[in-house]
Each structure stands twice: as structure tokens, then as C-alpha cells.
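*Asks:* here's my sequence, what's the structure:
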Amino acid sequence: MLPEDALPAPDVAGTVEVWRAWRVLRRDGGYVLASVIKPTIWPQHKALQAQCLHVRSPLSWLCRRRPHAAPEPDCECGIYAAGLELVGDYLDEAAMPPAVARVLGRVALWGTVVECERGFRAASAYPVQIYVPADARGRNRRGTSEVAEGLAAYGVPVELLGVRCADAPHVLARQAA
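*Replies:* Model (predicted):
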């Protein structure tokens, strides 16, 4: 019998590699990856650590929701990533907040990883490879080559794709098959 304070064994040892989309923002003369939905900047050369960004209202004590480590199975917190078939939904420029560009890529998830309805939510993540579609440019219309060169600061392969954002998931899925 395990002691009460024993931690359960993880479901997966190591990392889980899946896909996600990012907005690209200009910061301090360079380019950074940012969440499509939340105001989160992905740091360069170190893992992004999840935090619960659940909005706490003055009445949150009624819900009995306490501060917790992310991802919590009963919350929506964590770093999201999904299968390639779902990533295209997050590349639509009209649905995104303003950005220099929009890109997609493979990301490694580790720590606590929770499978959810639209993919996975994790405690820690870092890009493994970044793909810059031909029409990745956002409202600022920076060149895709300039964006790709700037994202090389993450220290992972960055590849220019000769296809539009809408077609990128399909093309990458065919390449992977």
C-alpha cells in the first residue's frame, strides 16, 4: 500500500510532441512567439511554465476554486497543443488578435499532461520546430523570411512553407505520412 502523500506514476515518461499555432509579436527588436488566445509570451531558450489564468471574480469563493498548479483536470488551464488536424482553426488571421505573423509548429509537452477535448494541456512546453507559411504575415506585413530569421532565436529549426496558412496543416500531414 502506498503512503497517502505518494505521487501517482505519470501516464507518459518523457515528452509528448504535438502541434500548435502561435502569433508572432515584435519585442525588444526581435520576434517572439505568443499564445493565440491568452496574453502569454513564450520565452526563448527556456520552457514555458503553465499558470492558471482562470479569471477570479469577487464571487469565486462560491465556486470553491482554489489556486492550483496547472494543468488541473477540473479547470481549463495549461499549455494547449493538439493534433495537426485541429491547428488550422487557430491560424485564421481574422480570429486572432493583431500580430506581426502567425505560424505553427511542433511542440514538446511535459510534466503533467492532461488529454482534453481539443488535444492536450500541459505543465511545461517548448517548440521543437516552427513552420512559417507563405501568407503568415499579419497586419504589419513583415516578410516571412524576416520572421523566420527572427524566430531562429528559439534555437529550433524554422522552416519556410511555400503554402498558405489554411493549407499548411494538410501539407504537413501529408509530409508526415
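*Asks:* excluding its backbone neighbours, what's nearest the spatially most central residue of the chain?
*Replies:* Nearest to the geometric centre of the chain sits Arg20, at 4.9 Å (C-alpha atoms, centre = their mean). In space, and not counting its chain neighbours, Arg20 is closest to Ala81: 4.3 Å by C-beta to C-beta, 6 or more residues apart in numbering. C-betas here are computed from N, CA, C, even on glycine.
*Asks:* go ahead and confirm the one you found touches Val18.
*Replies:* Yes. Counting by C-beta atoms under 8 Å, Ala81 does reach Val18; the two are 4.2 Å apart.
*Asks:* the two: which is more packed in?
*Replies:* Comparing Ala81 with Val18 by other C-beta atoms under 10 Å, the one with more neighbours is Ala81, at 25 against 22.
*Asks:* helices and strands around the helix or strand hosting Val103, which ones?
*Replies:* Assigned by DSSP states H and E, Val103 falls within strand 101-116. Packed against strand 101-116 by the contact rule (3 or more C-beta pairs under 8 Å, 6 or more residues apart in numbering; DSSP states H and E) you find strand 16-27, strand 79-81, strand 119-132, helix 144-151, helix 168-176.
*Asks:* dump those into a markdown table; add distance to Val36 and mean pLDDT as well.
*Replies:* Formatted as a markdown table, these follow (distance: least, C-beta to C-beta, whole Å; pLDDT from 0 to 100):
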| stretch | distance to Val36 | mean pLDDT |
| --- | --- | --- |
| strand 16-27 | 5 | 93 |
| strand 79-81 | 9 | 93 |
| strand 119-132 | 13 | 95 |
| helix 144-151 | 15 | 92 |
| helix 168-176 | 14 | 90 |
